[in-house]
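In: Give me a 3D structure for the following:
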Amino acid sequence: MSVFSLQRVLGTLRHSLVLGALLAAGASQAQNATVHLLVGFPAGGGTDAIARTLADKLKDQLGMPVVVDNKAGAGGQIAAQSLKAAAPDGLTVFLTHDHTISILPQVVKNPGFDPAKDFVPVAGFATFVNALAVSGGTPAKSVNEYVAWVKTQGGKGTVGVPAPASTPEFLVSVIGKKYGLDLQSAPYRGSAPMMADMLGNQIAAGMGSVPDFIENHKAGKIRVVAVLGGARQAILPDVPTFAELGLAGFEDLPYYGIFAPAGTPKAAIDKFSDALAKVLAQSDVKERLTAMGLTVGFMDQATLAKREQAYTQVWAKLIKASGFVAQ
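Out: Modelled structure (predicted):
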C-alpha cells in the first residue's frame, strides 16, 4: 500500500471515529434529556398536585424524565418569566391556569412577558371553577350565614386569595359589594400558604379554585359554601352556585393549559400534546384529576388558543368595568 493510500485510510478512519463520537454524544444527550414542567405556585397546592399527577404519567409517554419545577411567586409571574428565558427546545413547558396567562398581563404594568409574543400554546387539559370557602373556626355553613356572621364583626372581613390581582381577588370585591360588606383581600404566594392559615383559623375565609379546597372540604376541615360557574359541581352537589344566589355574570370557566416558549418547533409541541392526550385517556388519571375538582377534557393547540383568547376578552371587560388600574 502506498503512503498516499495509507493516509486516505487513516483519514477515513479518523473521520468515522469523530462522527461516531458525535453521534454517541448526541444519543447520550438525548437519553439524558429531562422535561422541566414549570409551576408558578409552591409545592403542596392544587396546581402543584395536578402537575405532579401528570408528570408521573408523561414520563412514560415521552420516554424521558419529567420533573416539576416550582418557580413560586407573584401569581405565576416568576415561572412565566422563566419560560420566556428558556430555550425553545421542547424541554421546558409551563403548566398554569388562567391567572398567569389571561389575567396577570392585564393587571400588572410590566409583568416581564407577553403571552401573545413570548409563549405558544401546547395543549389544555381541564376547566374548573372558583369557590368561596370558610375556615373551620367560622360558624357559617352557607353564604347567607357567612354574610350574617361578617355583619356581627362590624361588617368587615378578610378573605384570603392565592395571588394578588387575581380572579379570586376581583370576586371578593364583587361579593362584598353585592352583600354590602367591607371585604378585604389578603393575597398569598399560592394556595398552600393560604390554606395553612385557613386550617389554623388565622383567616376566616378564602376564595380560590375548587382544587385548592376540595381535599380539606372532604375532610371537614373547611367548608366550601358557593361555587362560580353555570352549574353545580358533580363533586360538590350540595354546594350552590353564586348564580343561584343572585350573582350572575361569572359563568365562563377558567382553564388549565400547558405553554412553551415562542419558537418551539411544531414537532416538539405535537409530541408533548400527543403524550398529554394519551395520559388524559387513562382512567386512573381522569379519576384522580376529577377528584381534585377538575372537569377533564383534552384541548389541542388551536382549541387552547381560542379558549385563552376568549377568557382574556371576558376578563378585559370585567377588569375595565371594575375600574381597576394596572399596578
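
In: what's the helix or strand for His217?
Out: Element membership of His217 [criterion: DSSP states H and E] is helix 210-218.

In: helices or strands next to the helix or strand where Phe125 lies in the packing?
Out: Per DSSP H and E: Phe125 is located in strand 119-127. For strand 119-127, the packing partners by 3 or more Cβ pairs under 8 Å, 6 or more residues apart in numbering; DSSP states H and E come out as helix 77-85, strand 255-261, helix 266-280, strand 295-299, helix 301-322. C-betas here are computed from N, CA, C, even on glycine.

In: follow-up on the earlier one: report the angle between the helix holding His217 and strand 255-261.
Out: Angle between the axes of helix 210-218 and strand 255-261 is 140 degrees (criterion: axes from the mean of the first three to the mean of the last three Cα atoms, to 10 degrees).

In: now helix 210-218 against strand 119-127, angle please.
Out: Going by the same axes, to 10 degrees, helix 210-218 makes 30 degrees with strand 119-127.

In: Can you list the buried residues in helix 210-218?
Out: Under the neighbour-count criterion of 16 or more other Cβ atoms under 10 Å, helix 210-218 has 210-217 buried.

In: next one: stretch 256-264
Out: Buried residues in stretch 256-264 (16+ other Cβ under 10 Å): 256-261, 264.

In: Just put those residues in a markdown table and tack on distance to Ala165.
Out: Formatted as a markdown table, these follow (distance: Cβ to Cβ, whole Å):
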| residue | distance to Ala165 |
| --- | --- |
| Tyr256 | 20 |
| Gly257 | 20 |
| Ile258 | 23 |
| Phe259 | 20 |
| Ala260 | 25 |
| Pro261 | 24 |
| Thr264 | 28 |
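
In: Tabulate the residues you listed (JSON lines), appending pLDDT.
Out: Shown next, in JSON lines, are the buried residues of stretch 256-264 (pLDDT from 0 to 100):
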{"residue": "Tyr256", "pLDDT": "97"}
{"residue": "Gly257", "pLDDT": "98"}
{"residue": "Ile258", "pLDDT": "98"}
{"residue": "Phe259", "pLDDT": "98"}
{"residue": "Ala260", "pLDDT": "98"}
{"residue": "Pro261", "pLDDT": "98"}
{"residue": "Thr264", "pLDDT": "98"}
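
In: Nearest to Ser82 among these?
Out: Ser82 lies nearest to Pro261 out of the buried residues of stretch 256-264, by Cβ to Cβ, at 9.8 Å.

In: rewinding a little: so for the strand holding Phe125, what's the average pLDDT?
Out: Mean per-residue pLDDT for strand 119-127: 97.

In: which is the next helix or strand following the helix or strand where Asn144 lies?
Out: Using DSSP H and E, the element containing Asn144 is helix 143-152. The helix or strand immediately downstream of helix 143-152 is strand 156-161, counting by DSSP H and E.

In: who does that following strand pair up with?
Out: strand 182-187 (parallel), strand 205-209 (parallel) (DSSP bridges).

In: right, so those strands: which one is the most enclosed?
Out: Ranked by mean neighbour count, the strands paired with strand 156-161 are led by strand 205-209 with a mean of 28 (mean count of other Cβ atoms under 10 Å).

In: send the alpha carbons of that one over as PDB?
Out: Provided in PDB are the C-alpha atoms of strand 205-209 (Å, rounded to 0.1, in the frame of the first residue of the first chain):
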ATOM      1  CA  ALA A 205     -62.500  32.600  54.600                       C
ATOM      2  CA  GLY A 206     -60.700  32.100  51.300                       C
ATOM      3  CA  MET A 207     -61.500  32.500  47.700                       C
ATOM      4  CA  GLY A 208     -59.800  30.100  45.300                       C
ATOM      5  CA  SER A 209     -60.300  27.200  42.900                       C
END
